[in-house]
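Visitor: here is a sequence together with a model predicted from it:
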Amino acid sequence: MDYFKIDEKNALEAKIYAQQIAFAPIVFQAARTLRNLGILAIIKAEGRSGISFEKIVEKANLSTYGVRVLIEAGLGIQLITLNEDKYKLTLAGFYIMNDDMTTANLDFVHDICYKGMFDLENSIVTGKPTGLKELGAWKTIYEGLSSLTEQQKESWFKFDHYYSDYSFDAVFKHVFKNNPKRILDIGGNTGKWALKCINYSDTVHMGLVDLPGQLKMAQENIKKDKNAERVSFYEMNILDESNKLPKEYDVIWMSQFLDCFSEDEIVSILKRCHEALNENGEVIILEHFWDRQKFEVSAFCLQMTSLYFTNIANGNSQMYHSDLFKKLVKQAGFNSIEEIDGIGVSSSLLICKK
């Protein structure tokens, strides 16, 4: 990706793009409403032949006025086309309906970020997640994950898992290359990774470190598994520097975890990993670095997600540039001995040693 290229838009194109930004919140809700009320599905069902406005109103069971304003907005945002009085779905409209990545992003933004983002400017000025109040009275979203509504939890975890699940199968060969006997998963979340590990290896013992709410969810998910006895749980607030990590682990694994913290906090966590890790052990970090993306759209998604951290999650973290992140790794006493990009949707793997 070349961020130093000359602006290629002419004055008219730039002004049009500026209007798209100005109306972006309305564009977002129009697209979501067209999807949720089934209008895109009605149009899609007619395929290449298209469908008349009257038929859409009849099938949607909505007022003529309501369908009209949504359909006209759909034309403006290029989810729908009109030709000879027949409406058809565009490829972008299809993605709004059916693409997993788009669905995960759209629902996450609506259910977790949308209302809070009204206060983004205040978050930048104060360094606090001032939009979080729209979800609950917590210092960070991680304290309240287990208390979100079912819809909010579904959207948060779908977003979180979309970007990690596609990576997990690709990293087993790296994580288990030296046949680790004990792996400590910091930020174990719902326990998905731990479950995959104990079923990938017949001998590995997993340790999970997380906050009480998340750890409870992980325990509920893991206790049903036949290999559950090979998992230990450590309830811990990782931001409390007095909390020491358990020792005697060969690998410390962190997936999409350190991006949840500020630079100083990352160094603090990694220093405690350094203290706890076996001498020949490895810290393996799965992260999304916006500068390591093959496609600009991937970098865009990560750059926008950084503002979720600013405004909602905790006020001081982000999706990092890899150069900055590696400086923090070095500062904590580790060397990155191997770096693998292009894992899953947008992940990179850092394998680090003392």
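Guide: Perfect, I can see it now.
Visitor: C-alpha from now on. contacts and neighbour counts both.
Guide: OK.
Visitor: so where's the stretch 101-250 of the chain shaky on pLDDT?
Guide: By pLDDT under 70, the stretch 101-250 of the chain has no low-scoring segment.
Visitor: show me where it has its helices.
Guide: Along the stretch 101-250 of the chain, counting by DSSP state H, counting those that start in this stretch, helices occupy 120-126, 141-144, 150-175, 192-200, 212-222.
Visitor: packing partners for the fourth one?
Guide: Put plainly, it is helix 192-200. strand 205-210 (3 or more Cα pairs under 8 Å, 6 or more residues apart in numbering; DSSP states H and E).
Visitor: CA atoms of the strand it packs on as PDB?
Guide: What follows is strand 205-210, C-alpha atoms only, in PDB (Å, rounded to 0.1, in the frame of the first residue of the first chain):
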ATOM      1  CA  HIS A 205      -1.900 -28.400  28.900                       C
ATOM      2  CA  MET A 206      -3.500 -25.000  28.500                       C
ATOM      3  CA  GLY A 207      -3.700 -22.100  30.900                       C
ATOM      4  CA  LEU A 208      -6.200 -19.300  30.500                       C
ATOM      5  CA  VAL A 209      -5.700 -15.800  31.900                       C
ATOM      6  CA  ASP A 210      -8.600 -13.300  31.800                       C
END
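Visitor: tell me the buried residues in it?
Guide: 205, 206, 207, 208, 209, 210 (16 or more other Cα atoms under 10 Å).
Visitor: can you name every helix or strand that that strand contacts?
Guide: strand 182-186, helix 192-200, strand 231-235.
Visitor: let's see 10 Å
Guide: If contacts are counted by 3 or more Cα pairs under 10 Å, 6 or more residues apart in numbering; DSSP states H and E, strand 205-210 sits against strand 182-186, helix 192-200, helix 212-222, strand 231-235, strand 249-255.
Visitor: which among these is found nearest to residue 281?
Guide: Across the helices and strands packed on strand 205-210, the minimum distance to residue 281, taken as Cα to Cα, is reached by strand 249-255, at 4.6 Å.
Visitor: distance from that closest one to the middle of the chain?
Guide: The chain centroid and the centroid of strand 249-255 are separated by 21 Å, computed with Cα atoms, centre = their mean, to the nearest Å.
Visitor: out of the helices of the stretch 101-250 of the chain, which comes closest to residue 265?
Guide: Of all those, helix 141-144 comes closest under Cα to Cα, at 15.1 Å.
Visitor: could I get the buried residue list for the closest one?
Guide: Neighbour count says helix 141-144 has 141, 142, 143 buried, by 16+ other Cα under 10 Å.
Visitor: neighbours around the nearest residue to the first one once chain neighbours are set aside, how many?
Guide: In space, not counting the residues next to it along the chain, residue 141 is nearest to residue 313; the distance is 4.9 Å by Cα to Cα, 6 or more residues apart in numbering. In terms of burial, residue 313 registers 27 neighbours under the definition other Cα atoms under 10 Å.
Visitor: return the residues in contact with residue 313.
Guide: With Cα atoms under 10 Å, 6 or more residues apart in numbering as the criterion, the residues that contact residue 313 are 112-113, 128-132, 138-143, 260-261, 306-307.
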